[in-house]
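J.: A predicted structure for the sequence below; I have some questions about it.
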2 protein chains.
Amino acid sequence: MSKKTIQTIEDIARLAGVSKSTVSRALNDSPLVSDETKKRIQAIARENSFRINAPARNLSMGQSHTIAYVTHAYHKESFSMEDLFGLEIMGGITHGLHELGYEMLVVHMDPRDSGWAHQYLESGRVDGFILMTSNRKKWHIKTLVEMGAPFITWGVISENVKYCSVTGDNVAGGRLATEHLIRTGRQRIAFLGGDKEELEVQHRFKGYQQALEDAGMVIDSDLFANGDYSHSSGIKAMKQLLEQSPDLDAVFVNSDLMAIGAINVIQNSGRRVPENVAVVGYDDLSIANYNNLPLTTIRQNIPLAGKLLAQNLVQYIKTGVVTNVTLPVELVVRQSA
Amino acid sequence: MSKKTIQTIEDIARLAGVSKSTVSRALNDSPLVSDETKKRIQAIARENSFRINAPARNLSMGQSHTIAYVTHAYHKESFSMEDLFGLEIMGGITHGLHELGYEMLVVHMDPRDSGWAHQYLESGRVDGFILMTSNRKKWHIKTLVEMGAPFITWGVISENVKYCSVTGDNVAGGRLATEHLIRTGRQRIAFLGGDKEELEVQHRFKGYQQALEDAGMVIDSDLFANGDYSHSSGIKAMKQLLEQSPDLDAVFVNSDLMAIGAINVIQNSGRRVPENVAVVGYDDLSIANYNNLPLTTIRQNIPLAGKLLAQNLVQYIKTGVVTNVTLPVELVVRQSA
DNA sequence: TCACTTTATGCAACCGGTTGCATTATATCT
DNA sequence: AGATATAATGCAACCGGTTGCATAAAGTGA
């Protein structure tokens, strides 16, 4: 493209008959410049479609206004359904960051690369990181903490973390799901969790337990199984549950994707959903509504979660204030339970 | 975090007893610096975990090594299943860019904002754009062409475009799908397309026509319907097709998501898939395999598409060479057809 | 009218790299 | 030994913004 003649603050300064420091102050709405001069300069900039040079501004201010969203995709070469939770929340994050004048870089994290955060933070490329927590990311969180790098996580790995986080109320979620199944008359309610080492799985199980105990119902370990949130693990775990307890009449599944896998297994066993076995999922991802049998599920407010991840990280970068937010969840009743 | 004492090229220069220009050349592997000096400086940088400052380098070189992936999410606040094609290809793009030393910025495009590309390109924030083509993005492509902005599209809007693109062989895809249905004995094969104004839909239709003609089968306009690639439009279009032609025994659907919607409608009408109505989808997104009834579909090589979008855009940025690539597609036979 | 304060703007240094050209040392050739 | 060429390194200007401090003009009060 041909080089525009108005490209820098120097160019605007020439047009306006002032110095570039006055132009910089005017464009940044500084009180050190008179209103009259400020308006004149802003009009000239607008008329010439002037854009401040981001690298120059980043260099002189020592901030990139860019946040890295750290992904660890199940598949190496592309995203997939297994990544849907992270992808849905990414949409909210990018929206929330944009409202704050920040950009979102998608960073494909190689777990073997111990320098991954260094090369983004210490090179001035990003101001902070957003990541979805899981036990597989323990080391990466450890690295970020050791670096003193600004970051925020969706979910928490352990109690009393010193870094920013947003999470859902997993105990309440486990409780809501189980209470619904109890309320609709189910007697043998199974729990199909994620990785049992994960805190959120433990919390959801706690809610499940509490609901059963409050209803005076027995807790039967034959009714437990765990997957790893993948679709195939949901299939495997559901098969195991049906083997362990052929008479189960409901299952609370820790994710929509595993729930869909579980439904397939239940239906293929000759049982009907929800008549013979009621199924409640978790997250209320968009897939929950598209399945042939719309999924009853525990909704997490993913758009709000994304927005808060963005807002609270930027606030931490600016002020150093650590915030931990637990979002309420809600039961969404569709056809599977 | 405490300020490291080794943070700039100046710091490395002091340690190595050379000038910063020598350090810069050494770290960039310039032939102007002797091998001995180069190795010494690289070792010192490595020992001190030194990272070149990206904003400074971007400023002096006039390049950001960042590419904007332009999204136009169906929902304002988060991504969803409807965005799965764009999200799966994003994974391949980010991977491909990383291999080239580039980063990927996810840019949420507001269609009403006429200055969106300006504020990313002319501010030096990105070096180019990647976007999924559709008629809704005609104006954005027009803007990018007028700016002379480097960009590449997945898919093409019209013939003989002058910008870079990667697309699938839609005529072949339409043909493969229809031939499979013919080969399995289907007599009344419907076409459930995307927006009929879209070139790729026209090409897929062309392939469908050619296959029918080659088989000496009649082309019946009662067997056509169009959605807009959304799940709900697939439901609506399939209902329309069953109204128009209750005796249809197969349908070629232009996307997996619409195909799943179509399957739901077919099953809810009391018909069985594939016994009564065979269904072929398009794209082979990860969802195709997870559906209770695994979907026969036309696979597009999404990881390769992502990689080529990255590679060919960066090549264009560096050399100005425009490339247009049409990727082969393949039939994947599962249970729905 | 004069002294002092406040306002508005400009100068120039800095942010941290890159690199054209200058300088010095070394190598080569006659 | 001297002239010329080559290699290696350094100087300093530049990329385009931000901003502390200096300077000049305007305003205010005695």
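T.: Perfect, I can see it now.
J.: that's a strand at A:Gly101, yeah?
T.: No - with DSSP: H, G, I helix; E, B strand; the rest coil as the criterion, A:Gly101 is coil rather than part of a strand.
J.: ok, it - contacts?
T.: Each residue near A:Gly101 by C-beta atoms under 8 Å, 6 or more residues apart in numbering or on different chains is listed here: A:His65. Any C-beta I mention is one placed from the backbone N, CA and C, and that applies to glycine too.
J.: got it, and A:Gly174?
T.: The neighbourhood of A:Gly174, defined by C-beta under 8 Å, 6+ apart, consists of A:His203, A:Arg204, A:Phe205, A:Lys206, A:Gly207, A:Tyr208, A:Gln209, A:Gln210, A:Ala211, A:Phe252.
J.: roughly how far does the fourth one sit from DNA strand C?
T.: Okay, so that is A:Lys206. Using C-beta to the nearest atom of the strand, to the nearest Å, A:Lys206 is found at 48 Å from DNA strand C.
J.: same thing with the third one?
T.: A:Phe205 sits at a distance of 49 Å from DNA strand C (criterion: C-beta to the nearest atom of the strand).
J.: same check on A:Tyr120?
T.: Using C-beta to the nearest atom of the strand, one gets 14 Å for the distance from A:Tyr120 to DNA strand C.
J.: what strand or helix carries that residue?
T.: Secondary structure from DSSP states H and E places A:Tyr120 in helix A:116-121.
J.: which helices and strands does that helix pack with?
T.: Here helix A:116-121 touches strand A:103-108, strand A:128-132, helix A:138-147, going by 3 or more C-beta pairs under 8 Å, 6 or more residues apart in numbering or on different chains; DSSP states H and E.
J.: which one, of the ones you listed, ends up nearest to DNA strand D?
T.: strand A:103-108 (16.1 Å; C-beta to the nearest atom of the strand).
J.: and that closest one, is it in reach of chain B?
T.: Yes - against chain B, strand A:103-108 shows contacts by C-beta under 8 Å from any C-beta of the partner chain at A:Glu103, A:Met104, A:Leu105, A:Val106, A:Val107, A:His108.
J.: give me every residue in chain A lying close to DNA strand C.
T.: Chain A comes close to DNA strand C at residues A:17-22, A:25, A:32-34, A:36-37, A:56, A:59-60, A:62, as judged by C-beta under 7 Å from any atom of the strand.
J.: can you pull out the helices in the stretch 201-337 of chain A?
T.: In the stretch 201-337 of chain A, helices defined by DSSP state H, counting those that start in this stretch lie at A:231-244, A:256-268, A:287-290, A:302-319, listed in chain order.
J.: per-residue confidence at the residue nearest the centre of chain A?
T.: Nearest to the mean C-alpha position of chain A, counting by C-alpha atoms, centre = their mean, stands A:Ile89 at 4.3 Å. On the pLDDT scale, A:Ile89 is placed at 93.
J.: wouldn't it be in contact with A:Met132 here?
T.: Yes - using C-beta atoms under 8 Å, A:Ile89 is in contact with A:Met132, at 7.3 Å.
J.: what do those two both touch?
T.: A:Trp154.
J.: tell me how chain A divides into domains.
T.: Here the domain parsing of chain A from automatic domain parsing is A:9-52, A:66-168+A:302-329, A:170-300.
J.: helix or strand with the lowest mean pLDDT in chain A?
T.: helix A:287-290 (a mean of 82; mean pLDDT, DSSP states H and E).
J.: show me what that one is packed against.
T.: Judged by 3+ C-beta pairs under 8 Å, 6+ apart, helix A:287-290 is in contact with helix A:256-268, helix B:256-268.
J.: list the contacts of the residue of the stretch 101-250 of chain A found nearest DNA strand C.
T.: Relative to DNA strand C, the nearest point of the stretch 101-250 of chain A is A:Gly124 (7.2 Å; C-beta to the nearest atom of the strand). Neighbour list for A:Gly124: A:Asn58, A:Leu59, A:Gly62, A:Ser64, B:Asn53, B:Ala54, B:Pro55, B:Ala56 [criterion: C-beta under 8 Å, 6+ apart].
J.: dump the residues you listed into JSON lines; add secondary structure and neighbour count as well.
T.: As requested, the contacts of A:Gly124 are arranged in JSON lines below (DSSP: H, G, I helix; E, B strand; the rest coil; neighbours: other C-beta atoms under 10 Å in any protein chain shown):
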{"residue": "A:Asn58", "secondary structure": "helix", "neighbour count": "25"}
{"residue": "A:Leu59", "secondary structure": "helix", "neighbour count": "20"}
{"residue": "A:Gly62", "secondary structure": "coil", "neighbour count": "10"}
{"residue": "A:Ser64", "secondary structure": "coil", "neighbour count": "27"}
{"residue": "B:Asn53", "secondary structure": "coil", "neighbour count": "18"}
{"residue": "B:Ala54", "secondary structure": "helix", "neighbour count": "24"}
{"residue": "B:Pro55", "secondary structure": "helix", "neighbour count": "23"}
{"residue": "B:Ala56", "secondary structure": "helix", "neighbour count": "18"}
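J.: show me which of these neighbour DNA strand D.
T.: Restricting those to contacts with DNA strand D (C-beta under 7 Å from any atom of the strand) yields A:Leu59, B:Ala56.
J.: for the residue nearest to A:Arg51 when sequence neighbours are not counted, give me its contacts.
T.: Leaving out its chain neighbours, the residue that sits closest to A:Arg51 by C-beta to C-beta, 6 or more residues apart in numbering or on different chains is B:Ser123, at 4.1 Å. Taking C-beta under 8 Å, 6+ apart, we find B:Ser123 in contact with A:Arg51, A:Ile52, A:Asn53, A:Ala54.
J.: try it again with 10 Å
T.: A:Phe50, A:Arg51, A:Ile52, A:Asn53, A:Ala54, A:Pro55, A:Ala56, A:Arg57, B:Ser64 (C-beta atoms under 10 Å, 6 or more residues apart in numbering or on different chains).
J.: brilliant, that's me finished.
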